[in-house]
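Peer 1: Give me the fold of what follows.
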Amino acid sequence: MNSTDWLQIKLRTTNQSADVIAELLEQLGAMAVSYTDAEDSPILEPKPGERRLWPNTEVTGLLAQGTDPKPILDKLKAILGDHIPMAATALEDKNWIRAWMDQFKPLKFGEHLWICPSWLEVKEENAVVVSLDPGLAFGTGTHPTTALCLGYLDSLDLQGKQVLDYGCGSGILAIAALKLGAKNALGVDIDEQALQASRENAERNNVSDKLELFMGTDQKLDLPKSPVTVANILAGPLAELEPIIASLTESGGKLALSGILTEQADSVIEAYSKDFVMNKVKDKEGWALLTGTRK
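Peer 2: This next block holds a predicted model:
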């Protein structure tokens, strides 16, 4: 290990023990601690104020350049025992901000729509570009559920129409709709942080004058009915929200729902079939997009 390298110590554990191990790493000198999925167990969007970890979690502590890993590993084994897998690896010194930025690229959805980090540009002719950086809330276009919804919006003629984004998160769907020609958009979320993210992203994309944001509640929202409604949340809440979403979608209006695992699609379709004519399921990497038309 080069003395100029940073030191990473990784431990594989359970979600119940992750916080204890993170605190221990900090006590042993870690300047930063991160959690990652040790297997392939997706974590769905948490409720406001809730933090979820993967069943099998890898905890990584970052220690100063030149740190000797042996005494730290010895202490960890003495405290935690030999049954927890752990290892020390070198982390090459580099420009981490640049390395982080380099992992993000412009993404294309449908025929015209692009989601592009603010430090890059799309040179394709007739491109419709939403500038969006990774950050404040769920939804940068990389997740299959967001990608499905973006592709759906790109397929519609939104000129002069109002679009409702229920569970707006980062505002990516509402902003994309506006860039694709929608007259105005309504964003609803139960998380103030999400509304703030939507507000900032709308300003960055020069569409803040066309986006109205509302704090969602369990009560019926007093909003005008929309000819296009999108909701990228989770299967359980989507089923429960059917009466509200139906009441906010005009007769003949288009509907797109995502945030749904493919095996959950039938139960959500059942909930929405009383008010919508539902189409065939479209899926991507185990996630489903449900579309329909308001009766």
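
Peer 1: List the buried residues in the host helix or strand of residue 243.
Peer 2: Secondary structure assignment for residue 243, by DSSP states H and E: helix 242-247. For helix 242-247, the neighbour count (16 or more other CB atoms under 10 Å) marks 242, 244-246 as buried. From N, CA and C alone the C-beta is placed, and that goes for glycine too.

Peer 1: Which residues does it contact?
Peer 2: If you take CB atoms under 8 Å, 6 or more residues apart in numbering as the criterion, helix 242-247 is touched by 166, 220-221, 225, 229, 231, 238, 255, 271-272, 274-276, 294.

Peer 1: Please state the mean pLDDT value computed over it.
Peer 2: Averaging pLDDT along helix 242-247 yields 95.

Peer 1: Please convert the buried residues of helix 242-247 to a markdown table, extending it with distance to residue 30.
Peer 2: Compiled in a markdown table, these are given as follows (distance: CB to CB, whole Å):
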| residue | distance to residue 30 |
| --- | --- |
| 242 | 46 |
| 244 | 45 |
| 245 | 45 |
| 246 | 50 |
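
Peer 1: Can you tell me which of these is nearest residue 107?
Peer 2: Comparing the buried residues of helix 242-247 against residue 107 with CB to CB places residue 245 closest, at 26.9 Å.

Peer 1: Okay, the closest one and residue 6: tell me how far apart.
Peer 2: The span separating residue 245 from residue 6 equals 48 Å under the rule CB to CB, to the nearest Å.

Peer 1: Contact partners for residue 6?
Peer 2: Going by CB under 8 Å, 6+ apart, residue 6 touches 62-65, 90-93.

Peer 1: Buried among these? Make that a PyMOL selection.
Peer 2: Applying 16+ other CB under 10 Å to the contacts of residue 6 leaves a buried subset, and the PyMOL line that selects it is:
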select buried, resi 62+63
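
Peer 1: Show me what the helix or strand residue 196 falls within is packed against.
Peer 2: Assignment of secondary structure by DSSP H and E places residue 196 within helix 192-204. In this structure, helix 192-204 packs against helix 172-179, strand 184-189, strand 211-215, with contacts taken as 3 or more CB pairs under 8 Å, 6 or more residues apart in numbering; DSSP states H and E.

Peer 1: And these: which comes nearest residue 154?
Peer 2: When those are ranked by distance to residue 154, counting by CB to CB, first place goes to helix 172-179 at 7.8 Å.

Peer 1: Let me see the mean pLDDT of the closest one.
Peer 2: Throughout helix 172-179, pLDDT has a mean value of 96.

Peer 1: ok, and what's touching it?
Peer 2: Defining contact as CB under 8 Å, 6+ apart, one finds that helix 172-179 is touched by 109, 113, 115, 128-130, 132, 139-141, 146, 149-150, 153-154, 158, 163, 165, 168, 184-187, 198, 201-202, 205, 207, 210-211, 228, 230, 232.

Peer 1: cool, and stretch 66-80?
Peer 2: For stretch 66-80, contacts defined as CB under 8 Å, 6+ apart pick out 1, 3-5, 7, 9, 11, 21, 24, 28-29, 63, 84, 86, 88.

Peer 1: tell me the mean pLDDT for that stretch?
Peer 2: Per-residue pLDDT values across stretch 66-80 average out to 91.

Peer 1: Give me the distance from that stretch to the chain's centre.
Peer 2: Relative to the centre of its chain, stretch 66-80 is centred 36 Å away, using CA atoms, centre = their mean, to the nearest Å.

Peer 1: Name the residues that touch stretch 156-167?
Peer 2: With CB under 8 Å, 6+ apart as the test, stretch 156-167 has contacts from 153, 171, 173-174, 177-178, 180-189, 216, 223-224, 226-233, 237, 241, 244-245, 248-249, 254, 259.
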